[in-house]
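1. Compute the structure for the input listed below.
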Amino acid sequence: MTDLAQLKFFATPKHACSYLEQREATTLFVDPAAPIDNPLYSALSSMGFRRSGRHIYRPHCEACSACIPIRVPVSRFDARRSQRRVWMRNQDLSVRLSDPELTAENYALYARYIEQRHADGDMHPPSPEQFRSFLLCDWSDTRFVEFRDRDRLLAVAVMDQVQDGLSAIYTFFDPELHSRSLGVHAVLWQIAHAEELGLPFLYLGYWIKQCQKMNYKSSYRPLEMFIGERWIEVP
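-> Sure, this is the predicted structure:
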C-alpha cells in the first residue's frame, strides 16, 4: 500500500463554503487513485482528515481556520446531566451492527432525514446513488449501527474503525422523534463502544464555532482539538 510520505494531495479550486455563508473554501483531497489501507487511513485520521465515500479530505482554506478536527478521549469522557438523561431515555432501544449497504429500509430513513433536516444542504436531494457515494467505501472498516424500537428502525450511525479509535462518519434518524435526541444517543453509544473495544478516541469530524449545526460537538468533554498540527485538550 501507499506510504504516507509518498501520497499525493490535490487542492480544489475555491468554492462556496458549505458551513459559513458568504465564505469561500478550498478542500485538500488525497489522490483518489492511491491505494488506501487501514493503517494509512488511520494515520490520516490522526492528522485531521475525514472520509466521504472513498475520498479522504481536509479543509485547506488560506484565510480561514474555522474547521477544527476534534476527537473525544473516551476513557475520560464525563457525560453531562442532559446527556445522561438521553442515554437513559433510549435504553429501550436494541442495537445491532450491520454490514454497510444500501437497503430499502435504511434508505427510506435516510431520505426522510435529509428532506426534513438538510433540504438546504449539499446532500439534497437524496438519491440511492448519493447515499452510496457518501457513506459506502470498499477499503474502510465500516459498520452501520442500527438503533431499533422493536422492529422499527429509528436511527443509523455510520462509523469506521481506525487503529486508535472509531470515526463517526454520519448519523441519520427519524426526524420526528425529537424527544429521544437520537443524534446525541448515537454519539454516546459510539463513545461507550470505543471504550469497550479498548480504543482511545472517537473522532467527531470538524467543529465550527460559527456554525450552529456543528456547535453540538463541543458538548462532549473533555475534547481534543487538532490545532497547529497537534492535538490539544480542551477540558
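
2. Outline the domain layout of this structure.
-> 4-68, 70-234 (automatic domain parsing).

3. Which parts of this structure are strands?
-> For the chain, applying DSSP state E gives strands covering 9-11, 15-16, 24-25, 27-30, 50-52, 55-59, 68-73, 94-98, 142-149, 152-162, 165-173, 201-207, 223-227, 230-234.

4. wait, which of those is closest to Asp3?
-> Nearest to Asp3, of all the strands of the chain, is strand 27-30, at 12.7 Å by C-beta to C-beta. (C-beta placed from N, C-alpha, C; glycine too.)

5. Was I right to think Gln163 contacts Asn38?
-> Yes - in this structure Gln163 lies within contact range of Asn38 using C-beta atoms under 8 Å: 6.7 Å.

6. Show me what the one helix or strand in the chain whose mean pLDDT sits lowest is packed against.
-> When each helix and strand of the chain is scored by mean pLDDT, DSSP states H and E, strand 15-16 comes last, with a mean of 92. The contact analysis (3 or more C-beta pairs under 8 Å, 6 or more residues apart in numbering; DSSP states H and E) places strand 15-16 against strand 24-25.

7. picking that back up, adding mean neighbour count and distance to Arg80, write the strands of the chain out as JSON lines.
-> Shown next, in JSON lines, are the strands of the chain (neighbours: other C-beta atoms under 10 Å; distance: least, C-beta to C-beta, whole Å):
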{"stretch": "strand 9-11", "mean neighbour count": "12", "distance to Arg80": "38"}
{"stretch": "strand 15-16", "mean neighbour count": "10", "distance to Arg80": "35"}
{"stretch": "strand 24-25", "mean neighbour count": "16", "distance to Arg80": "32"}
{"stretch": "strand 27-30", "mean neighbour count": "18", "distance to Arg80": "33"}
{"stretch": "strand 50-52", "mean neighbour count": "20", "distance to Arg80": "25"}
{"stretch": "strand 55-59", "mean neighbour count": "19", "distance to Arg80": "28"}
{"stretch": "strand 68-73", "mean neighbour count": "22", "distance to Arg80": "13"}
{"stretch": "strand 94-98", "mean neighbour count": "12", "distance to Arg80": "22"}
{"stretch": "strand 142-149", "mean neighbour count": "18", "distance to Arg80": "21"}
{"stretch": "strand 152-162", "mean neighbour count": "21", "distance to Arg80": "20"}
{"stretch": "strand 165-173", "mean neighbour count": "23", "distance to Arg80": "18"}
{"stretch": "strand 201-207", "mean neighbour count": "22", "distance to Arg80": "15"}
{"stretch": "strand 223-227", "mean neighbour count": "18", "distance to Arg80": "12"}
{"stretch": "strand 230-234", "mean neighbour count": "12", "distance to Arg80": "15"}
